[in-house]
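**Q** make a model of this:
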Amino acid sequence: MPTPASPKTKDETLSPEQLSRFKGILLEGYPYIHLEANCKLGNEIHRFEHKEAEALRAAYREREGIKVLKFVPASGAASRMFKDLFQHLESGNENEKSALFFKELNRFAFAPLLYDVAGLSSKKALLNEAAKKDILKALLHRNGLNYGSLPKGLIGFHRYPDGSIRTAFEEHYHEALQYACKNGTARIHFTIPEQSREEVEVHLMELKQKMGERHEVDFEIEWSVQKPHTDTPAIYADSGDWVLEADDTILRRPAGHGALLANLDDIDADIIYVKNIDNVVPDHLKGPGKAYKELLGGVLLHVQSRLFSFLEDLEQGQLDVEGCVDFCRKWFCVDWTGMDTAALKAQLNRPLRVCGMVKNEGEPGGGPFVVRDPDGRLSLQIVEKAQVNIEDPQQRKILEGASHFNPVDLVLATKDYRGKAFSLEDFRREDTGMLVHKTHKGKDITGLELPGLWNGSMHYWNTIFVEVPIETFNPVKTVFDLLRPAHQGRSKT
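**A** The predicted structure is shown next:
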């Protein structure tokens, strides 16, 4: 049976010390990350020749006794996908994007559902403005498909030749069959929005039964909501005063994907694949994703095995220090020469992440960089543009020279060499969050996001970057992304 999250409870009052810290950050901002250098292919970013890649994939496929789980952040609403369509509906005036929507309407996977809900034929729907308005209402409003309020996972992403329509949630079930299934069991954990919890739970249970019966697989499905204690306070942009609720308590806002570290910390698995809800493709395009997921998993298992051996040798006083340092230099691109055994053990005994990196072709996403911490230590990090001081010419040059970016494609190991789960908050760099500027009841406010899940929240993990092809990155940020070839189903002919 699926494992639901605990009921949402009222937040505890923040302590004066916490409020003081938050106020300081909100007024002064977070310090910038110091970029030391770009990560280069063949150095900090690994690329594997065919023979080595196949050996690593085979090692992953042949794994035994290893619990694999897909962790899918799916908390966000799809409202931003339909921004241009909301504008059309609210203003009554067609805009360039909404005109494109109606021109290409039959290419969207959800079009048949939309016509049914609107009570219109496709031919009539494309002929007059009244029909267009009815279509938009049927698409976005609660008495229709309600896509304007539902999470992305419930949106119909892909239509197949047999007429079936798959949501993003369903595509993740099919992905799990390819690389997260072993001995008839596939495990997935979704983070879901509290406001759509009932609809999501019903859909996930229906998929569990349908997919389980069709493929004779036991889908172990878990879900959780972002934890209220991770919400952060906000201030008014003009005065710096706290934003208050009607009952005079301080407004608390969701703190970005970094808040999901608490959800990730609850996961019991040996290998955790992290991938966003909207980065899925139809079946006929899933091949590259499967191959490179196996490669990333193989890299993680290989490196983890050696790290565990080093730690066991170190405990017995038999560690080949030079061999250990050389191995870590190769994979983590750091030089730990001269460390005493206690420091070396602390460096080896950390959570491990292998991060897929695609060539930078203009898509948004954090880049891979060598970062220098305030204490002088160098490490590999995923850094967002907002974290960099672009007024500094040297920092801007390094930022703009990034050849790759992270498409939120990670494989994680969160247990130590004795099988005990790490406390993930111990490896978060607290001063790496970001300020956000929003409005509340018509007033400008400043809020803050916790260190990003794959940014500052994993700052002190051991990190490996691996190049993966751009074909594995197909995000859906707006509804028009569903018109890209990667989201169009294979024709019947």
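**Q** helix/strand/coil for the residue nearest to Arg63 when sequence neighbours are not counted?
**A** Once flanking residues are discounted, Arg63 sits nearest to Leu301: 6.6 Å by CB to CB, 6 or more residues apart in numbering. Any C-beta I mention is one placed from the backbone N, CA and C, and that applies to glycine too. Following DSSP: H, G, I helix; E, B strand; the rest coil, we place Leu301 in the helix state.
**Q** do Val411 as well
**A** Under three-state DSSP, Val411 falls in the strand class.
**Q** now do the same contact list for it.
**A** 271-274, 293, 296-297, 299-300, 353-354 (CB atoms under 8 Å, 6 or more residues apart in numbering).
**Q** let's see 10 Å
**A** Counting by CB atoms under 10 Å, 6 or more residues apart in numbering, Val411 touches 60, 68, 179, 271-275, 293, 295-301, 352-356, 464, 466.
**Q** how many residues are close by the residue nearest to Arg63?
**A** Using other CB atoms under 10 Å, Leu301 has 21 other residues around it.
**Q** ends of stretch 149-168, how far apart?
**A** Here the two ends of stretch 149-168 are set 15 Å apart, with distance taken as CA to CA, to the nearest Å.
**Q** whoops, I mixed them up, stretch 328-340
**A** So stretch 328-340: terminal residues 15 Å apart, CA to CA.
**Q** so where does the closest residue in space to His141 that isn't next to it in sequence fall, helix or strand?
**A** Closest residue in space to His141, ignoring its immediate chain neighbours: Gly148 at 6.7 Å, by CB to CB, 6+ apart. Of the helices and strands defined by DSSP states H and E, none includes Gly148.
**Q** Gly148 contacts Glu90, correct?
**A** No: using CB atoms under 10 Å, Gly148 is not in contact with Glu90, being 11.2 Å away.
**Q** which one of those two has more residues nearby?
**A** Comparing Gly148 with Glu90 by other CB under 10 Å, the one with more neighbours is Gly148, at 22 against 9.
**Q** list the contacts for the more buried one?
**A** 77-83, 85-86, 89, 136-137, 139-142.
**Q** make it 7 Å
**A** 79, 82, 86, 140-141 (CB atoms under 7 Å, 6 or more residues apart in numbering).
**Q** and Asp241, how close does it get to Thr446?
**A** 11 Å (CB to CB, to the nearest Å).
**Q** more crowded one of those two?
**A** Thr446 (19 against 9).
**Q** wait, isn't the more buried one in contact with Ile235?
**A** Yes: counting by CB atoms under 7 Å, Ile235 is a contact partner of Thr446 at 5.4 Å.
**Q** who touches both of those two?
**A** Leu26.
**Q** run the chain-centre distance for the helix or strand hosting Arg353.
**A** Taking DSSP H and E as the definition, Arg353 sits inside strand 352-359. Centroid displacement of strand 352-359 relative to its chain, using CA atoms, centre = their mean, to the nearest Å, is 12 Å.
**Q** what pairs with that strand, and is each one parallel or antiparallel?
**A** Strand pairing for strand 352-359, determined by DSSP bridges: strand 404-405 (antiparallel), strand 409-413 (antiparallel), strand 462-467 (parallel).
**Q** who touches that strand?
**A** Here strand 352-359 has contacts from 45, 292, 296, 299-300, 303-304, 368, 382, 403-407, 409-413, 458, 461-470, 472-473, using CB under 7 Å, 6+ apart.
**Q** how far does stretch 254-269 sit from the chain's center?
**A** The answer for stretch 254-269 is 11 Å, by CA atoms, centre = their mean.
**Q** now for that stretch, what's the gap between its first and last residues?
**A** Using CA to CA, first and last residues of stretch 254-269 are 26 Å apart.
**Q** and the contacts of it?
**A** 67-69, 71, 73, 187, 189, 191, 224, 226-227, 230-232, 424-425, 428, 433, 448-453, 456-457.
**Q** can you pull the buried residues of it?
**A** Residues 254-264, 267, 269 are the ones in stretch 254-269 that count as buried (16 or more other CB atoms under 10 Å).
**Q** how about stretch 280-288?
**A** Neighbour-count burial for stretch 280-288 [16+ other CB under 10 Å]: 280-282, 285-286.
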